[in-house]
Every structure is written in C-alpha cells, then in structure tokens.
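**Q** Structure of the sequence below:
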Amino acid sequence: MTELPRYEYVKLADAIAADIASGKLPQGAALPGERAMTDLYSVSIGTVRRAVVELRKRGLVATLPAKGTYVIGLPETTGDAPQEGEPNT
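**A** Okay, the predicted model is just below:
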C-alpha cells in the first residue's frame, strides 16, 4: 500500500521540528522571518504561516506579536501523565 502524500506545510513543520530536536535550533532561538523562510525553503508564504501554526500546536514554538517566533523547546514527555484508570489531579 502506498503512503498518502503529506501537505507541504506539514513537511516544512516536520523539517523545522527535526532542527529543534537535533539542537540546530535551540530553545530561545528565533525562527527566520516569514519572507526569509519562503526563500530558504522555496515555499509560499501561506505554507510558512501554516507550518508555524502547526509548530505552535505541537508546542515547539511561540509567536510574539511584532517580535517573531521563538523555539520554546520540545514538549515534555515525562512519565507523570496519569495512567489509564487513574484520576487526573
């Protein structure tokens, strides 16, 4: 069975997420501006904007109005999450 094609914005978000995970973009680093990313990744500005939204949903970046988008780190994956059947406290 063939794999379904992924949207360009998801590919871009995955590429940036990989840079974050590898440390190429450390916590606190600013992402390039939207227009710079269009040139860097050869995609449209709409693709860049959707990719940034996807990264925010994943908890990897935060955007400050008129300041830019910054890496806030990888989402925590600790064993502190309640197990099935345990109450949320």
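
**Q** Distance of the residue most central in space within the chain relative to Leu25?
**A** The C-alpha lying nearest the average C-alpha coordinate of the chain belongs to Leu55 (CA atoms, centre = their mean; 2.5 Å). Leu55 is 10 Å from Leu25, where distance means CB to CB, to the nearest Å. The way it works is simple: take the backbone N, C-alpha and C, and place the C-beta from them, glycine included.

**Q** what do these two both touch?
**A** Ile16 (CB atoms under 8 Å, 6 or more residues apart in numbering).

**Q** How far off centre is the lengthiest helix in the chain?
**A** When the chain is parsed with DSSP state H, its longest helix is helix 8-22. Centre-to-centre, helix 8-22 and its host chain are 6 Å apart (CA atoms, centre = their mean, to the nearest Å).

**Q** ok, residues contacting that helix?
**A** Looking at helix 8-22 with CB under 8 Å, 6+ apart, the contacting residues turn out to be 6, 25, 31, 37, 41, 43, 47-48, 50-52, 54-55, 58, 60, 71, 73-74.

**Q** go with 7 Å
**A** Helix 8-22 has contacts (CB atoms under 7 Å, 6 or more residues apart in numbering) with 25, 41, 43, 47-48, 50-51, 54-55, 58, 60, 71, 74.

**Q** right, and the helix or strand after it?
**A** Counting by DSSP states H and E, the element after helix 8-22 in chain order, helix or strand, is helix 34-41.

**Q** Only the buried residues of that next one, if you could.
**A** Across helix 34-41, burial judged by 16 or more other CB atoms under 10 Å covers 37-38, 41.
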